[in-house]
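Participant: Sequence plus the predicted model coming up.
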Amino acid sequence: MGRLLEYFLVCGLGPDLQTTYIPPTRGYFGTNAYYQPALLDQFPPSELAACPDPPDQLPVCVLPDGVRIYSQGPSSQDPSSSPRSYPIVLTEGDGSKIYLSCIAFRDPVDDDVAQAYNIPANYYVDKCICFLSRSPCFELFRDALEEIYRCCFSASGCSKPIWDIIAHVVLSVPFPSPGMGQILFSVDSYLLTVEAPPKDGLPHADMSFEPLVRSLDIENLILLFTAVLLERRILLRANKYSLLTVVAESIRLLIYPVQWQHVYIPVLFFAGVDYIDAPTPYLMGLHSSIDIHSASLDGVMVVDLDNNKVDCGDALPNLPETEGRQLRNSLLQLVHPTLTHMDRLRSTNSFVRRFSKPWCKDHDTELRLIFLQFFASVLSGYRDFVDSVIRAANPFNAGAFLRKRSRIMGCSDDTMVTEWLSSQGFMSFIVSDDCSSNSGPNLVDRLQAAISRGEDRYSVLPARPNAPEVLTVLDADRQVPVSRSRHCYDRFPAFLRTPAQDEKRKAILAAAVEQLRKSSFGPGGNADNLNSQAAEQDLMVNDIKAKLQGLWKRLVSLGPTEDPLSSAEYGTISVLIESDADIGRSGFVECLREHIQSGWECDLTELQFNAVKELMKTTISRAASRNDMKIVRHSLEIASEIHRKDHANVTDYIQRHLGALPVWDDLRFWEGYFDHLMYMDSDNKNGPYAALVTEHLVVLAKHMAGLGFRDLKAWTILETIAKNNSPGVNNLIGLRGLLALMRYAGEGYWGLLPDQAMQLHTQQQQQITDQSTSDENNQSSSETTGIGRSWVQSMFSRDRNALNHSGGTGRARGSQPALERSDSSRTMQTPAPEPGSRAGANRGSSGVRLLRGHKAAVTALHAGIRQEMGDCMGDYEDTGYFISGSADCTIKIWDPSLRGSELRATFIGHTRPIRAISSDKIRVVSGSDDNRVLVWDKNSKQLQQELKGHEGKVNIVRMLKGERILSASHDGSVKMWDIRSDSCVATVGKSPSPILCMDYDDSTEILAAAGVDGVGNVWDVRAGKKMHSLIGHSSWIRSLRMGDNSIVTGSDDWTARVWSVSNGACEAVLACHSGAVTNVEYCSADKGIITGSADGLVRIWELAEGNSLKCVSSLEGVHAGGILSIKAGSRWLAVGASDNTMSLFHRPEQDDGSRLPPWKLLRTPPRSAAVVRCVASDVERGRICSGARNGLLRLWEPVTAY
């Protein structure tokens, strides 16, 4: 069993700086030059490696555009500076493939290189880290490499030195035997699995084919497929390296069983652009930023993946009519399943149910089988024409095959098949072991046999084992106390160099220093060089200014049908602004100012307005990053003049769209701006000093109002500046009134900015409801009209109501809150139904009832069990109830047995959204974001107790026997309350981070809780001490359950873990999900565990031989969204998901003590369009209830037949 990975490599700027120009030039030539990449580090080193050395051209291939030097590092304001992740595929001379996963990022220039070449301090350079392997595990390598990058640069660091983590991954992880099981390993604390497919199945493809079908429509995909089969010259173009590689690999795999036999370079390095003139067949990918107009592309198919365009070059023959039609229809059904099956019932169409969900591995397999069936159909009976004894000259009798095919298909023109049968790819297939008489039937043969028998084409694929063997690779050097020793880095560290390598590096740098010294102080060279450089600088400045003037005038002169954002003028101006030369930014601002002064009225069309807005944002961001406040000031002033008119003929200035830039939050900018204004007006001796100060403060206030500053923020800045300049009390009061007036006028027209709406808060309960709906629950725009609107609501409307409803200023302008004024949602207008009314429910034939009453998102749900039945509900066996809490701060009790009048009680008392609900026979207890726990009496419907003590949001509440309550909060505490004394008995548990989940065993008085820090804690409440800390998860723990001396936890690290209550040891790691484990459930009937994940899957685990847990079944294809709730009973299993799907599973009870049968899906209700926030299930009666963002509860009725 060989290693999965051969090398870990680091490429970037080596000690010998050479440009990528031809011929290359040594030395540092600024930030606009491109330099040749070099191999900096590799692990394992060559002297210790058992594999062949990496190819010499590898650095150029992983950094195709070369290496650049930058004046600044990664910035959120500059997307181009963000790290990039992409795969690269190299082909060796023998045709074998080398697969690389790369991450390119900006890293500080090495100190010795910067010193040798006089590179300014704190400059950055391109660097690339890579995994090299012979296996195409693209997604696996990407995940592992991104985790290494995260470990290196995260603020929390990693548990041990980064090169030790790399050594473990490279040296310890073996490649699994095909079809024999999985390898489980970790990168620091991040778990990953790898498996190899069986040899008799489709070739390994650890990637998604979705980019191929999304980049090209079906006709263009078939053209590309045909060109590859016929071995034409093909050039792929895209602006992303990942897209080039994935599309090239996808089309190469889709021609299986044929293999591409010619030049294959999915990503061509920039300096090798001349390769596209090669006369032989090739499949290459080239970044779309490279100009190829001068290249000779006669006969080359150019595929533009960014724009779904294919230029065929030479004419291509059509696919055979029958097989081509079948291929098109199958592709259309896969890519557009809903469109092709519109007239068919979904309940009877398994294909639509299977493939109408988001693209996944099932789609990939179906796509590959569609193309494999094309070959099976075209090559029907081909084995009869393969010579039993392969002759080198003619192993396949193509003429006889074509004549038979012509008779069977009834067609004489088979140009495409004739040409393909003579290709090298087809001949290599014929002479390969797959067609040998001794090798048995290959995949094409098996598919032909399956089609002839009327079997499904999936039957030809090898069956996956139900419980694959999992081999865990342990890191023997891993430090146990993860949190005690952390390793943090400010750059990617270099691997330890040998003395010989160190001496060679020093010699290269010493030669560079000597060359730089000679060029600077050579005979008579210094003064002449300086004069020449100054003259060239002046010439460049004038040239850029002239170009900007022309580009700007052409940009504002574009016709109404032309998009400025897509124009060459916009692109060129953007490049000049983003360049490291300040002249690009200052020249752009200067040409705008000159244009305004020449009489331009500053009025733009909507498209032009958007283009100029983006250019101004870029100019200010780049200038601020270089601390050029002069350009920032000029840009701010110009932005207050350039505008457009909306449909109401009201002026919208560019300045209003710049408020999110971080430079405005710096007090030093406004102080500098004020000092600049005072300096520019220093010769004005006519007026008093106080009036002059006030005049310039008014200028700042106008700019702040134009940027949309909140009143408090703007006044704080102005007051700070005013205190240092003494404008006088009267002038300060006048300035305050002017600022308020400008703010009211701006909000009256434009509405609150998003950050202002988030700050809106008053003491009135309805307004708190509005804020909670907008801030906490991200209500859709149709449900939050009047809160944080984008921009269209005119204060100059003829309708007086529009003026009154035009958003808030932080004060109550009308008698009703904004949420109740919204008329865009029928749900919001429906009044809460009173008991006895039939207006609150709407029951359809599907058994689903809609319960209306809440005015904001439902944030908490509780299902009452039989032990909680009391006088309020009636003590009947068939009854049950649900309690809901909402962002409208109300709690409602619903009785499903009262059809049409389900609402029994409404509790009002909280001032923030409800987060947790519990109950017993006579009380309801609730926890809220207002940090309080409230206890209500079911019968009187009155507030009974108010329990205060938490300092954060109350996430969890639970009623205990003996009239006690447990509550857990964001402040990390778990408190026990005595209802009789209305006091906190004790803080039974304390965690350093917010608690998200909790469970308590009443019989043993053991408490377990976990949360954001990924650590579970177990306390013995009776003894008043902490028992264990459950350390093992690497991310948030979302769910926790106790049962049978075990604790089950589910985490965002994609795993669930089983812990022993007695000793706190981890007994099992359940790692079969591809997303966060959001729910875990313990089934007492069979002592099994059920896990639900954000990947939409529910997995059932049972004890196998050796007392180990094994996944016995996976409930797939039912839910597309993340699992929100799992509840298991003796007969029913209820599941609810975030996509508003619910499912109910059933199994009969066994009285004879035999093994319980597996869960069987009973049915699912129709899916609705609402986004679900919470789900609760009454598994005693088979009911499920979901709460949505729009305030509706969706109750699914029990099935009485069971």
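Facilitator: In hand now; what should we look at?
Participant: all contacts plus neighbour counts: C-alpha atoms, from now on.
Facilitator: Noted.
Participant: Where do the domain boundaries of the protein fall?
Facilitator: With domains defined by the TED database, the chain comprises 1-176+482-514, 199-342+359-461.
Participant: Assign Asp971 to helix, strand or coil.
Facilitator: Counting by DSSP: H, G, I helix; E, B strand; the rest coil, the backbone at Asp971 sits in coil.
Participant: ok, it - contacts?
Facilitator: By C-alpha atoms under 8 Å, 6 or more residues apart in numbering, the contact set of Asp971 is 950-953, 993-995.
Participant: quick revisit: can you say which of the domains of the chain is nearest to Asn1079?
Facilitator: Comparison of the domains of the chain against Asn1079 by C-alpha to C-alpha identifies domain 199-342+359-461 as nearest, at 22.3 Å.
Participant: I'd like the domains of the chain as a markdown table, with mean neighbour count, mean pLDDT and distance to Leu576 appended.
Facilitator: Converted to a markdown table, the domains of the chain look like this (neighbours: other C-alpha atoms under 10 Å; pLDDT from 0 to 100; distance: least, C-alpha to C-alpha, whole Å):
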| stretch | mean neighbour count | mean pLDDT | distance to Leu576 |
| --- | --- | --- | --- |
| domain 1-176+482-514 | 18 | 89 | 12 |
| domain 199-342+359-461 | 17 | 87 | 16 |
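Participant: Which ones among the contacts of Asp971 lie within strands?
Facilitator: Residues of the contacts of Asp971 located in strands (DSSP state E): Ile995.
Participant: And the contacts of Asp971, which is closest to Val62?
Facilitator: Closest to Val62, out of all of these and judged by C-alpha to C-alpha, is Ser993, at 41.7 Å.
Participant: Wait, that closest one touches His970, no?
Facilitator: Yes - counting by C-alpha atoms under 8 Å, His970 is a contact partner of Ser993 at 7.2 Å.
Participant: quick one, which of these two is more surrounded?
Facilitator: His970 (23 against 17; other C-alpha atoms under 10 Å).
Participant: Now for the closest residue to that one other than its chain neighbours: which residues touch it?
Facilitator: Here the nearest residue to His970 in space, its sequence neighbours aside, is Pro994; by C-alpha to C-alpha, 6 or more residues apart in numbering that works out to 4.0 Å. By C-alpha under 8 Å, 6+ apart, the contact set of Pro994 is 969-972, 1011-1013.
Participant: for this protein, which residue is closest to the average position?
Facilitator: Nearest to the mean C-alpha position of the chain, counting by C-alpha atoms, centre = their mean, stands Gly1075 at 12.2 Å.
Participant: Helix, strand or coil: sort out it for me.
Facilitator: Gly1075 carries the three-state label coil when classified by three-state DSSP.
Participant: Tell me which residues touch it, please.
Facilitator: 1052-1054, 1093-1095.
Participant: Sort those by pLDDT and name the bottom one.
Facilitator: pLDDT across the contacts of Gly1075 is lowest for Asp1095, at 79.
Participant: I'd guessed that one sits against Ala1076; true?
Facilitator: Yes - Asp1095 is in contact with Ala1076 according to C-alpha under 8 Å; the separation is 7.4 Å.
Participant: More neighbours: which of those two?
Facilitator: Set Asp1095 next to Ala1076 and count neighbours by other C-alpha under 10 Å: Ala1076 wins out with 24 against 19.
Participant: contacting residues around the more buried one?
Facilitator: Counting by C-alpha under 8 Å, 6+ apart, Ala1076 has contacts 1050-1055, 1093-1095.
Participant: again, but for Val848
Facilitator: 1165, 1194-1197.
Participant: what's the answer for Ser436, then?
Facilitator: No residues are in contact with Ser436 under the rule C-alpha under 8 Å, 6+ apart.
Participant: Would you state the strands of the stretch 601-750 of the chain in chain order?
Facilitator: 643-645, 651-653 (DSSP state E, counting those that start in this stretch).
Participant: between the ones you listed, which one is nearest to Trp894?
Facilitator: The nearest among the strands of the stretch 601-750 of the chain, by C-alpha to C-alpha, is strand 651-653 at 49.3 Å.
Participant: buried set for the closest one?
Facilitator: With burial defined by 16 or more other C-alpha atoms under 10 Å, the residues of strand 651-653 counted as buried are 652-653.
Participant: Off-centre distance for it?
Facilitator: Counting by C-alpha atoms, centre = their mean, to the nearest Å, strand 651-653 is centred 34 Å from the centre of its parent chain.
Participant: and if you look at stretch 635-651?
Facilitator: 35 Å.
Participant: List the buried residues in that stretch.
Facilitator: In stretch 635-651, counting by 16+ other C-alpha under 10 Å, buried: 635-636, 638-644.
Participant: Stretch 1179-1195 now?
Facilitator: In stretch 1179-1195, counting by 16+ other C-alpha under 10 Å, buried: 1179-1195.
Participant: ends of that stretch, how far apart?
Facilitator: One end of stretch 1179-1195 sits 13 Å from the other (C-alpha to C-alpha, to the nearest Å).
Participant: Please apply the same query to stretch 638-651.
Facilitator: Using C-alpha to C-alpha, one end of stretch 638-651 lies 15 Å from the other.
Participant: got it, and stretch 187-207?
Facilitator: End-to-end distance for stretch 187-207: 20 Å, by C-alpha to C-alpha.
Participant: picking up where we left off before, can I get the strands of the stretch 601-750 of the chain in TSV including distance to Pro79?
Facilitator: Formatted as TSV, the strands of the stretch 601-750 of the chain follow (distance: least, C-alpha to C-alpha, whole Å):
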stretch	distance to Pro79
strand 643-645	27
strand 651-653	25
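Participant: Can you check which of these gets nearest to Glu139?
Facilitator: strand 651-653 (45.9 Å).
Participant: Check which helix or strand the closest residue to Leu474 other than its chain neighbours maps to.
Facilitator: Excluding its sequence neighbours, the residue lying closest to Leu474 (C-alpha to C-alpha, 6+ apart) is Phe185, at 6.8 Å. Assigned by DSSP states H and E, Phe185 belongs to strand 182-187.
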